[in-house]
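Asks: Build me a model:
(chains A, B, C, D and E, ligands or ions: 4)
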Amino acid sequence: ACGGGGGGDTGGAAPTQQRAEPTQAPFSPPADAVLPAGDGQGQCSGNPSIAYVGTIAGANAGLGIAIKQAVELAIEEHNQANAGCQVSYKEFDTGGSPQTALAPTVAAINDPSILGVVGLPFSGESEAVGPALTEAGLVSVTPSATRPDLTTKGWTHFFRGLGNDAVQGPAAARFITGTLGAQSVCVIRDDSAYGQGLATELTNALGGAATCQEEVKTGQREFSAAIGTIQSANPNAIFYAGYYDEGAPLAQQLRDAGIEADLVVPDGVKDPIFVQNAGEASDGVYMTCPCLPGDVFPEFTNAYKARWNVDPQTYSAEAYDATTILLRGLDQGISDRAGLLEHVRNYKGQGLTKAFAWNAQGELNETPVWSYVVKDGQIQRLSPID
Amino acid sequence: MNPQEPPTEEIHQAEGGLVAELERMTPQERAAHDREVAAAAATDREIAVGVGDTLLELRDLTMRFGGLTALDSVSFSIQRGEILGLIGPNGAGKTTCFNAMTGVFRPTSGDVLLEGRSIARSHRHQITRLGIARTFQNIRLFGEMTALENVMVGTDARHKTSVPGAVFRFPRHYAEERAGVEKSMALLEFVGIADRAAEKARNLPYGYQRRLEIARALATEPKLLCLDEPAAGFNPAEKDDLVALIRKIREDGYTVLVIEHDMRVVMGVTDRIVVLEFGRKIAEDEPEAIREDPAVVAAYLGVPDDGSA
Amino acid sequence: MALLELDGVAVHYGRIQALSDVSVTVEAGEIVALIGANGAGKTTTMRAISGLLPLSAGRVVFEDEDITRMRADLRVRRGICQAPEGRGVFPGLTVLENLDMGAYSRKDRRTAAYREDLDHVFELFPRLAERRNQAGGTLSGGEQQMVAIGRALMARPRVLLLDEPSMGLAPQIIQQIFRIIRDINADRGTTVLLVEQNASQALALAHRAYVLETGRVVQHGTGRQLLDDPAVRNAYLGVA
Amino acid sequence: MITHVTSVLAQDPLIDFNFQLLVDRFWANTIDGLSYGSIYALVAIGYTLVYGVLRLINFAHSEIFVIGVFAAYFTFASLGFVPGESPQLGLFVLIGSLLVAGLVAMAVSGGSAVLLERVCYRPLRKRGAPPLVFLITAIGASFAIQQIFLITLGANSQPTIRLLRPTEVFEIFGARVTNIQIMTVVAAIVLMVVADTFVNRTRLGRGVRAVSQDPATATLMGVNRERVFMLTFLLGGVLAGAAALFYIMTIPAAAVYNGGFLLGIKAFTAAVLGGIGNLRGALLGGLVLGVVENYGQSFFGGEWRDVIAFVLLIVVLMFRPTGILGESLAKARA
Amino acid sequence: MNAPDAAAAKVPFGTRLRDWWGSLDRWQQWAVLIPAVLLIYLLPVLNPPLLTTEPGTDFQITLFNAARIALIAIGLNIVVGQAGLLDLGYVGFFAVGAYTTAVFSSPDSFLATDYPWLACIPLAMFVTAVSGLLLGAPTLRLRGDYLAIVTLGFGEIVRLLADNLDPLRGQRGFGAIPGPEVTRADGSQVFTSTDGTPWYWLTVTVIIIVLMFVGNLERSRVGRAWVAIREDEDAAESMGVPTFRFKLWAFAMGATVGGLSGAIYAGQVGFINSQGFDIITSILFLAAVVLGGSGNKVGVILGAFIIVYIPDRFQVIAQYRFLIFGLAIIVLMIFRPQGLLGARQRLLTYGRQAYQRLIGKGEQISSESALGKHEEGVLR
Ligand SMILES: Nc1ncnc2c1ncn2[C@@H]1O[C@H](COP(=O)(O)OP(=O)(O)OP(=O)(O)O)[C@@H](O)[C@H]1O
Ligand SMILES: Nc1ncnc2c1ncn2[C@@H]1O[C@H](COP(=O)(O)OP(=O)(O)OP(=O)(O)O)[C@@H](O)[C@H]1O
Ligand SMILES: [Mg+2]
Ligand SMILES: [Mg+2]
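Replies: Ligands and ions are numbered 1, 2, ... in the order given. Here you go, the predicted structure:
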């Protein structure tokens, strides 16, 4: 079912774009979303802990903190509701880089009370610590590492709480060429594993429509080169595969340079901060995300804001869901790592962001990719991309 | 030599060390000891052969800095075994002459021949190994190294231990190290500062630093030793010591080229003198003749000095 | 009271004591010489007066004021100026700029008096006039020494500290330096504290002199007295 | 194995060249490069000045710059501008606001630079620390300042406040020149002339140069060394503050704790490129770096930007070992 | 204000330690040294309660990290501390070593050679040595800080090449890099990425060997040449030191040690990508050297330990750990401007005997530059 308002027909369109604006599809929130609090009847054995392992003060601290706070929030809500199961929260700062991730992760492994891990946020560090976690049998649900090949390493501990790049890339391509009707697309990527992976998947899916490529660096804030390339290529649409830190100034500079082509960005950019930082330039930017729209779970948004004084950010909800899944297991009285691992492997349930059930590799069975648009300073859902 | 009294600091108080021993010696013993030292300090090579041959020759050496001609077609030569003085007013080009000879500057034109071989295009360290060593007008020691280590750097110019040789301590390393230390100590004694061998060069007083520079230059076993104002900063008594030292160096078979403004030193020690003015050679002769040369008197000496300066 | 007075001064370099209990007085209008062998502590004394080294004991008094803890640059403003050992020519400044640095603390830098002083220096050292735009670092040793002395003169100091001013200069110029010292002392009334290895000339010129040995004052008197003292002659004047 | 490697390389060239883009974008690149290079230049002066006087690579200078960015930002905020809105301002209000923000940024940056000197470097000087120690302390300070911002203001950049949108004023060979670019370049040149005049023409400036060459002798000339050091940091900080204003105008989302790092490295590179210790060199180095970086990006692709900058530096230094304008520090003193 | 005593009290700790060490006889030195080394080896097993970084970070891996940074610091110390060449891009060599190992041993590599770890070590050292020569040959004529920025550029270029060039896989990185193939009786691997202890022992052993070699160099013609170059390059050249060649040697040897450390590191983590080889890391290496005492081998090891240890020790308050780290550097430097053990090294093989013969005692360098430098300020 195509939820888009009618961008389906692109065959033979003239180079100048002719399309109707994509519109919002009707959507009813999942009524059965499982929350951390559960039914309040949780009974755990012993004093189990759940750990967040990821960056806190190192590189890309912003992304890590948003995850860490969601994990903490989930555990607090759980503990409040379940007198019979008090779960401790632990955190380990990996610094966000594979260079530094191993020691804190091993420390987490060596803490026998830790039965499950939320993390690690980035693909690189995930790969560095993967063998160690598998060897320890310590289950980890990552809310944000999206590199496809992480699930091909033969690890048994690894579960991805969101769609990987191989899911989002083609979906985004369909959105761009289908819904938006673009025939020429510039793909800009950053140098992160995420941006690289996503851009590659996207470019492959776009085929001949990917008419130009440009690369920027993490931390870069001036993009005249990329803009020059785009100006020369004059595409219908631009896709930026990266995070909001660079995405916001890029969007701004694109618009300042007078480039009016559609800008499409992925989940790494889908964040209120992008809207704040890009200002007017964010208006009309399309987003794709393998996650359900956030406007359907205002309770979480409000609770998060009340607890941390900031809006939830990218991957906060995913982290919240991941924690919930681990907590469910503890509520059942699971008292060892093997048990929790087994619990996650067999888990089936609706979360805030999607329905969770994993295949043997640890990929989600079902990963809807949604499209969004920024309007009036808000990220508004459009429709699922099929 | 007359080493100055050792300083009072407790650090230098010798407990049965060499310094105390020296002080206990009678003049005769001391003289004998000095001879031993001189022998140890002398080069291992035979350098006193062929006295009287031309050792170094400058041919039409010209050095320009931008529009300024610091050396203008200067030619002279140095015979083996002699002490040649290079004098002239301030800014005449004496130091520049040294610099051009030792590879610090590439001469604008002209040539420098060491034993008949051109060295004008050689690197500085090559020139040193070929046999020219120098001291600097503005002292340039390795400040953080001890006096002994400074001299050792000089002796190293003749050593051949390679990097692997040093890492794995080949026998040659030990042999060279031992010989180097022996020789360096002897050289320090030779110039009269052995009692401060363990002190950082930067902490030595000016006069000691000058002597250390001479010792370091000697350590490279040069055929030609070039001294740039070695007596600067010495009092008359010390200058007399210096004159004696330079003579002793020559006796050991070295050839010496010395720049000096102190006429008593120059006249007292040189066999021949070359006079520069405005980058040009204006005279070349024996000391007595130079003293009388009207051009030199006008350009440089001024009113004949009263002998006390 | 004396213009400048060192009272029981001791200076250490780390663990080494370089001066101990040095007391020197310089009356206004005098030329005072310090002589001594290498390492006796002459330069250390000069540096202590200028405030480049902290004292570990004793005090420095200038015009009845204890300046022991005064900053070095303020001492210059009081009129204590030094031409240091090793010349201290600024290598990247031109000769003219170097000389101008000498007048850094003067208030009358735009006036005719300043011009006159500059001309005076150029008159004393015509060589510098020729080289006024050459970088200090490329000058010959002697030329640098001229700059150092000229620069000190540009300051019009009350007390001029000269550390081996004749070093590296040609005989003719040395004579001239001594003449200059005598002249500025006589004409301008500048007080001079002079360290010199050229002991006989220095003593002939100085009103009074001190002999330093291993960080202590071992003798003092008028220049003539010391010049005639056989021990001093023997140790510092050499056997000609 | 060799054949394997060559076959890998053959199917995918390591670097693509795009000569056409270089030609097409030549003037646009030049103009963008000059304006961004001006920001490099202003920051580079701070490095050059401090280096010239203290022989210190002040790694914390990038943080001084970031402080300026925050100062400018919060001045905007406290003047009543709100993120997200793009107000239509009268000319006077606009200029007035920018001026206030600029002055505040300059004052705050200058002040922090002086404070940094006092707190971190002066104690070291008093203890006669060797130069490398200053470098490491600068790193420590840089870490600390960054972390303070991270802890107090969070990891994300502050919401954009924009007083002025870039609008085209005129075109050169089809490349547009915006109001912000003109302001940036003009301000950089004016400030550079002021700084240069100060250092080369005034008495205090001469004191600065003297201290840089021989601090001990400089005090013997009556130069107050401490004052010179303070002044140097002040001047460098003030110019970094000015750079901060233009930076946040060019890139409004730049008020973030680690926003100075990359720019700092580039500015330092610019300083060295021009000849470190030489103010005019800093300007030239900044502009050259900005422009060449842009050409290179068009030719090789955006990911090569930093490589181009450093390769340019290495190549220039191989032919001119003391930078484009740098005079030889190793003066002949044999 | 009693002068001599006041002055004596100011004698830095490092000097006193060194004087004390110098005053010991050979056997006494061994008597101190052997238990000390033993203690160092036992550290991961003892896991001393106050010293440990747990629960925040695994102590054994922290120790290994400290050891590998110490190895780096020793290599960098040759370049910076001895030869006086400021190298801000040393991480480049570390990266080259790690990447060489990865490229030859990882199954992800385009080479597909899958060499064992042990075979990669000499390869890595060779390649880094060559890269040191390649960087040094054109740039070593530059003076002081110009060299510093060029090396910084080199470090960045290495990282960016790894980031940009497809065969080097950017942040996707190389995984499954093997470690040494040593199995226990029960067939399990000794060298795993989770167990820091064997890696630590291996690295400490390597450090001891390297230290011996470096010490030999120091007290030889080569070490003297380096220090002479550091002190006054022109004068050194005039005294017959082929400065360029010795600088190149310093660069190449420093690089080799850095590469060795990189290779060991790659084996331990098993996965490397272009992250973490950045300028900051490079400067932290330098910080280890300076903090510990530039030029002092033992000092720089201590410095490396601090650099790794402080952030890890404060894992429990992760948010503040780098702030603490930054402040700690400032405070340490202010209170110990010569570094923790900043004393000069010996440069003569027979120095002790020579000085003994002369002044009746072993070598004792009589005064400290720290205080002596007052008059000259910080500069030069
Ligand atoms: N690098 C340079 N650039 C410009 N001029 C220079 C340079 N080096 C030397 N000179 C000039 O060349 C002339 C000769 O200098 P040199 O140092 O050889 O003199 P000198 O005879 O040693 O004098 P002194 O007795 O004063 O040491 C001087 O006038 C000096 O200013
Ligand atoms: N920076 C220093 N560190 C340690 N000791 C020093 C330092 N400078 C000088 N000394 C010592 O202080 C003593 C006095 O030195 P000073 O330079 O004052 O002597 P001087 O009389 O000026 O000698 P000269 O005639 O050689 O210039 C000497 O023993 C010297 O070794
Ligand atoms: Mg000369
Ligand atoms: Mg002296």
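Asks: So, low pLDDT: which residues of chain E?
Replies: E:1-15, E:22, E:343-344, E:356-380 (pLDDT under 70).
Asks: Check the gap between the residue in it that ligand 3 sits nearest to and residue E:74 for me.
Replies: The minimum distance from chain E to ligand 3, using Cβ to the ion, falls at residue E:238 (15.2 Å). Any C-beta I mention is one placed from the backbone N, CA and C, and that applies to glycine too. Noted for residue E:238: a distance of 31 Å to residue E:74, by Cβ to Cβ, to the nearest Å.
Asks: Residue B:129 is in contact with the residue of chain E closest to ligand 3, correct?
Replies: No: contact criterion Cβ atoms under 8 Å: residue E:238 and residue B:129 do not qualify, at 11.4 Å.
Asks: Are the lengthiest helix in chain D and chain C in contact anywhere?
Replies: Looking only at chain D and at elements set by DSSP state H, the helix with the highest residue count is helix D:26-54. No: remark: helix D:26-54 sits outside contact range of chain C, by Cβ under 8 Å from any Cβ of the partner chain, the gap being at least 9.8 Å.
Asks: Please name every helix or strand in contact with that helix.
Replies: In terms of contacts (3 or more Cβ pairs under 8 Å, 6 or more residues apart in numbering or on different chains; DSSP states H and E), helix D:26-54 is packed against helix A:224-233, helix D:61-78, strand D:175-178, helix D:179-201, helix D:203-213, helix D:225-250, helix D:261-274, helix D:279-300.
Asks: what secondary structure does residue A:52 sit in?
Replies: Secondary structure assignment for residue A:52 (DSSP: H, G, I helix; E, B strand; the rest coil): strand.
Asks: and the gap between the residue most central in space within chain B and residue B:218?
Replies: For chain B, residue B:227 is the residue whose C-alpha lies nearest the centre (Cα atoms, centre = their mean; 4.0 Å). Using Cβ to Cβ, we find residue B:227 at a distance of 10 Å from residue B:218.
Asks: My understanding was that residue E:226 contacts residue E:85; is that so?
Replies: No: counting by Cβ under 8 Å, residue E:226 sits too far from residue E:85 to count as a contact (9.0 Å).
Asks: any residues in contact with both of those two?
Replies: Residues touching both residue E:226 and residue E:85 (Cβ atoms under 8 Å, 6 or more residues apart in numbering or on different chains): residue E:250.
Asks: Look at these two and report which has more neighbours.
Replies: residue E:226 (29 against 25; other Cβ atoms under 10 Å in any protein chain shown).
Asks: so the more buried one is in which element?
Replies: helix E:221-231 (DSSP states H and E).
Asks: what about that helix, distance to the chain center?
Replies: Here helix E:221-231 is found 19 Å from its chain centre; the criterion is Cα atoms, centre = their mean, to the nearest Å.
Asks: likewise stretch E:311-327?
Replies: Averaging C-alpha positions (Cα atoms, centre = their mean) puts stretch E:311-327 22 Å from its chain's average.
Asks: So that stretch, near chain A or not?
Replies: Yes: Stretch E:311-327 lies within reach of chain A by Cβ under 8 Å from any Cβ, at E:312, E:315, E:318, E:319, E:320, E:321, E:322.
Asks: Could you report the pLDDT at the nearest residue to the residue of chain E closest to ligand 3 once chain neighbours are set aside?
Replies: Once flanking residues are discounted, residue E:238 sits nearest to residue B:124: 5.3 Å by Cβ to Cβ, 6 or more residues apart in numbering or on different chains. The model reports residue B:124 with a pLDDT of 91.
Asks: mind checking how far residue B:124 is from ligand 4?
Replies: Applying Cβ to the ion, to the nearest Å, the value for residue B:124 to ligand 4 is 29 Å.
Asks: Contact partners for that residue?
Replies: B:102, B:103, B:104, E:237, E:238.
Asks: my guess is residue D:209 meets residue C:93, correct?
Replies: Yes: taking Cβ under 8 Å as the definition, residue D:209 is a contact partner of residue C:93 at 6.4 Å.
Asks: Assign a three-state SS to the residue nearest to the centre of chain B, would you?
Replies: Going by three-state DSSP: residue B:227 is strand.
Asks: right, and it touches residue B:135 too?
Replies: Yes: taking contacts as Cβ under 8 Å, residue B:227 lies within contact range of residue B:135: 5.3 Å.
Asks: what sits in contact with each of the two?
Replies: Joint contacts of residue B:227 and residue B:135 (Cβ under 8 Å, 6+ apart) are B:214, B:217.
Asks: And the pLDDT for residue B:194?
Replies: Value for residue B:194, per-residue pLDDT: 86.
Asks: what bits of chain C have low per-residue confidence?
Replies: Low-confidence segments of chain C (pLDDT under 70): C:1, C:238-240.
Asks: cool, chain B as well?
Replies: For chain B, the ranges with pLDDT under 70 are B:1-27, B:30-31, B:34-35, B:37-52, B:302-309.
Asks: Now do the helices in it.
Replies: Under DSSP H, chain B gives helices at B:18-24, B:27-41, B:94-101, B:124-130, B:147-156, B:163-167, B:171-191, B:206-219, B:236-251, B:263-269, B:287-292, B:294-296.
Asks: The last one and chain C in contact?
Replies: Pointing back at helix B:294-296 there. No: using Cβ under 8 Å from any Cβ, helix B:294-296 stays clear of chain C, coming no nearer than 11.0 Å.
Asks: contacting residues around that helix?
Replies: B:275, B:282, B:283, B:290.
Asks: From the structure, what's the count of residues near the third one?
Replies: Other residues lying near residue B:283 total 19 when counted by other Cβ under 10 Å.
Asks: Skipping its backbone neighbours, what lies nearest it in space?
Replies: Nearest residue to residue B:283 in three dimensions, chain neighbours excluded: residue B:275, at 4.2 Å (Cβ to Cβ, 6+ apart).
Asks: Residue E:242 touches residue B:125, doesn't it?
Replies: Yes: counting by Cβ under 8 Å, residue B:125 is a contact partner of residue E:242 at 4.8 Å.
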